[in-house]
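**Student:** just a sequence and a predicted model for now, questions to come.
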Amino acid sequence: MNAIVSVDALSKVYDGGFEALKSAELHIEEGEILALLGPNGAGKTTLISVICGITNPTGGAVSVAGHDVVTDFRAARSLVGLVPQEVNLEPFESVLNTVTFSRGLFGLPPNPKHVEQTLKELSLWDKKNAKIHELSGGMKRRVLIAKALSHEPRVLFLDEPTAGVDVELRRDMWDIVDRLRADGVTIILTTHYIEEAEAIADRIAVITKGEILLVEDKTELMRRMGRKSLRVELAEPIAAIPDALADYALEQDGDAALVYSYDSQAERTGITRLLNDLNKAGLMLTDIQTRQSSLEEIFVTLVKDGR
Amino acid sequence: MNKHAILAIYKFEMARFFRTVWQSIVSPVVSTSLYFVVFGTAIGSRIQEVEGTPYGAFIVPGLVMLTVLTTSVQNASFGIYFPKFMGTIYEHLSAPISFAEIVIGFVGAAATKSLLIGTVILVTATFFVELRVDHPFAMVAFLVLTCVSFGLLGFIIGIVSNSFEQLQLVPLLVITPLVFLGGSFYSVTMLPPVWQTITLFNPVLYLISGFRWSFFGLADVPVVTSLLAIAAFTLACIGVIAWIFRTGYRLKP
């Protein structure tokens, strides 16, 4: 796979001395959806700002499709679209003019058809003549997305696009992400809703304290880091776990349920043996459930270990 | 050259002007009319003429300059400060445009606005006095150069300012006094010798003198000196802006 965005040994120290990025390394492949996860203040927005040209890097290099973002900024930036975290819009301008402006600013000739299509896709067409300050918060976020899509980027950064938006917009957004993915657009997403990343990302990058902790295929990561658990419900309550079952490190969940944790990657999960032993111990089962740890749990573990 | 981007910035800024076009035009017209009433009628009844030109007509170039300077600075400083304040500047910074193109877009729009207002004031003046223009090309050139150079100054002020108060400070405390003391309403020769010398350090004097020359052929300082002064001022502003953009001062962390 070709890296469309390459971040090499990138560092950023702000004037106050705060080190927001420490030698960050990241290679984003063309056409993938990468979720960039990290706690608040981890450096997500700084990283995006440097790639987009809003912040000057202190050291290291960034290139987009082989174009350095500092020395060859025109070629690099014309490929990149950004939906920022903050809702920053000119309040007194109309929706249509605001979106048309973005297209021009990125050096593209006017294309009313494309702008219309973008606004329709975001359910903004009815509001095209409304002033930005008349719009609701969710609508403003739609405008931000429309602005970024108006100049047909090949790489799209979505910096917490779903923070504080309603279900409908979130659905619309994922439809758009699907459509863009089909068109081969590379998408980098930051979010605090990890189930969102779990649902749509191809790869996960975790950043803490200005360092990229890991970049890994989502399924791989979940398989590698994820634990599974088996919960068995018993017909009759038990006071304590029978000695015969001591080897399994079972946990009691209430007095009529046992939880067994196992590694789904292991050659032998020990489930068959456990069920046999339960039977031998004379316990009657009424129900069995398995559960896989979510990306959120994995993320929390990673960040905690990273500290 | 990213001409679509320059045009986009220019159009967006002009739209801001046309949204409030009546305020933008009515207020200079009213204040100019007031100046004519106060200076032209009240003082003009005592000063019949200055170096062969009726006093009412004599003050027209100064009045136009007063408004054009102030509005150029205000338009350009507000133009760049507002996106900074609203945070929409992120888009300019992330777009594939050079800093020179950003300046052309913003200052071009600011200069156009003040040029329009300057024209409106000239037209208003013809209702009060009989105006003659000896060197129309020089007149237009001086007007355009002034709009552009003070637009550049305004752009610098807009970038340096951290609050709306600071934005108002320079026009109020620097530009207005310089224009009033730069011979807008009098000829420098009317001042005592000491003040004549001090006035020569006022850059606005050269603008007004040159501009007035294009109307009546009257000048406090030679026209060439005026042109050189305004050229030097423009270059100085461009120099400062180039430095701002090279370092990212107050724009890029």
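**Tutor:** The structure has been received and is ready for your questions.

**Student:** who in chain A is up against chain B?
**Tutor:** Contact residues (Cβ under 8 Å from any Cβ of the partner chain) of chain A with chain B: A:14-15, A:52-56, A:73-78, A:80, A:82, A:84, A:86, A:88-93, A:97, A:100-110, A:147. Placement of C-beta: from N, CA and C, glycine included.

**Student:** now do the strands in chain A.
**Tutor:** A:3-13, A:19-29, A:33-37, A:59-64, A:67-68, A:80-83, A:155-159, A:186-190, A:203-208, A:211-217, A:228-234, A:251-252, A:257-262, A:285-292 (DSSP state E).

**Student:** in the fourth one, which residues are buried?
**Tutor:** Think strand A:59-64. A:60, A:62-64 (16 or more other Cβ atoms under 10 Å in any protein chain shown).

**Student:** ok, now the first one?
**Tutor:** Neighbour-count burial for strand A:3-13, with 16+ other Cβ under 10 Å as criterion, is recorded at A:3-7, A:10-12.

**Student:** okay, residue 25: pLDDT?
**Tutor:** Assuming you mean chain A. Looking at residue A:25, its pLDDT is 93.

**Student:** sorry, I should have been clearer: chain B.
**Tutor:** Looking at residue B:25, its pLDDT is 83.

**Student:** same deal with residue A:298?
**Tutor:** At residue A:298, the predicted lDDT confidence score is 82.

**Student:** OK, contacts around it?
**Tutor:** Residue A:298 makes contact with A:221-222, A:225-226 under the criterion Cβ atoms under 8 Å, 6 or more residues apart in numbering or on different chains.

**Student:** count of residues packed around whatever residue of chain A ends up closest to chain B?
**Tutor:** In chain A, the residue that lies nearest chain B is residue A:104 (2.8 Å; Cβ to the nearest Cβ). By other Cβ atoms under 10 Å in any protein chain shown, 25 other residues sit near residue A:104.

**Student:** with residue B:108 instead?
**Tutor:** Residue B:108 has 20 neighbours, counted by other Cβ under 10 Å.

**Student:** which strand or helix spans it?
**Tutor:** When elements are assigned from DSSP states H and E, residue B:108 belongs to helix B:99-128.

**Student:** show me which residues of that helix are buried.
**Tutor:** Buried residues in helix B:99-128, counted by 16+ other Cβ under 10 Å: B:99, B:101-118, B:120-122, B:124-125, B:128.

**Student:** stretch A:112-122 now?
**Tutor:** Neighbour-count burial for stretch A:112-122 [16+ other Cβ under 10 Å]: A:114-115, A:118-119, A:121-122.

**Student:** nearest to residue B:151 among those?
**Tutor:** Using Cβ to Cβ, residue A:115 is the member of those that lies nearest residue B:151, at 29.9 Å.

**Student:** contacting residues around residue 213?
**Tutor:** Picked chain A for this. Taking Cβ under 8 Å, 6+ apart as the criterion, residue A:213 is in contact with A:206-207, A:302-303, A:306.

**Student:** ah, I was thinking of chain B
**Tutor:** If a contact means Cβ under 8 Å, 6+ apart, then residue B:213 has B:135, B:138, B:219, B:223, B:226 as its contacts.

**Student:** can you select the buried ones among those for me in ChimeraX?
**Tutor:** The following ChimeraX line selects those of the contacts of residue B:213 that are buried, judged by 16+ other Cβ under 10 Å:
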select /B:138,219,223,226
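
**Student:** you'd agree residue A:172 is up against residue A:123?
**Tutor:** Yes - counting by Cβ atoms under 8 Å, residue A:172 does reach residue A:123; the two are 6.8 Å apart.

**Student:** so which of the two has more stuff around it?
**Tutor:** residue A:172 (18 against 13).

**Student:** need the pLDDT of the more buried one.
**Tutor:** So residue A:172 comes in at 86 (pLDDT).

**Student:** and residue B:187, how close does it get to residue A:129?
**Tutor:** Using Cβ to Cβ, to the nearest Å, residue B:187 is found at 53 Å from residue A:129.

**Student:** tell me which of those two has more neighbours.
**Tutor:** Neighbour totals were compared for residue B:187 and residue A:129, and residue B:187 leads with 16 against 9 (other Cβ under 10 Å).

**Student:** can you name the residues that contact the more buried one?
**Tutor:** Shown in contact with residue B:187 (Cβ under 8 Å, 6+ apart): B:50-51, B:58, B:218, B:220.

**Student:** so how far does stretch A:223-239 reach from one end to the other?
**Tutor:** 35 Å (Cα to Cα, to the nearest Å).

**Student:** and that stretch, how far from the chain's centre?
**Tutor:** Centroid separation for stretch A:223-239 versus its chain: 30 Å, with Cα atoms, centre = their mean, to the nearest Å.

**Student:** which positions within it qualify as buried?
**Tutor:** Buried residues in stretch A:223-239 (16+ other Cβ under 10 Å): A:225-226, A:228-230, A:232, A:234.

**Student:** likewise stretch A:262-275?
**Tutor:** Buried positions in stretch A:262-275, judged by neighbour count with 16+ other Cβ under 10 Å: A:262, A:274.

**Student:** give me the mean pLDDT for it.
**Tutor:** Confidence over stretch A:262-275 (mean pLDDT, whole number) is 82.

**Student:** so how far is the first residue of that stretch from its last?
**Tutor:** Taking Cα to Cα, the first and last residues of stretch A:262-275 lie 14 Å apart.

**Student:** what's the answer for stretch B:163-175, then?
**Tutor:** Start-to-end span of stretch B:163-175 (Cα to Cα) is 18 Å.

**Student:** ok, and does that stretch reach over to chain A?
**Tutor:** No - against chain A, stretch B:163-175 shows no contacts by Cβ under 8 Å from any Cβ, the least distance being 15.2 Å.

**Student:** what's the distance between that stretch and the middle of its chain?
**Tutor:** Computed by Cα atoms, centre = their mean, the chain-centroid distance of stretch B:163-175 equals 15 Å.

**Student:** ok, residues contacting that stretch?
**Tutor:** Residues from elsewhere that reach stretch B:163-175, judged by Cβ under 8 Å, 6+ apart: B:69-70, B:73-74, B:77-78, B:81, B:85, B:150, B:157-158, B:160-161, B:204.

**Student:** quick one: which of those residues is nearest to chain A?
**Tutor:** Among the contacts of stretch B:163-175, residue B:85 lies closest to chain A (Cβ to the nearest Cβ), at 10.0 Å.

**Student:** thanks a lot, see you next time.
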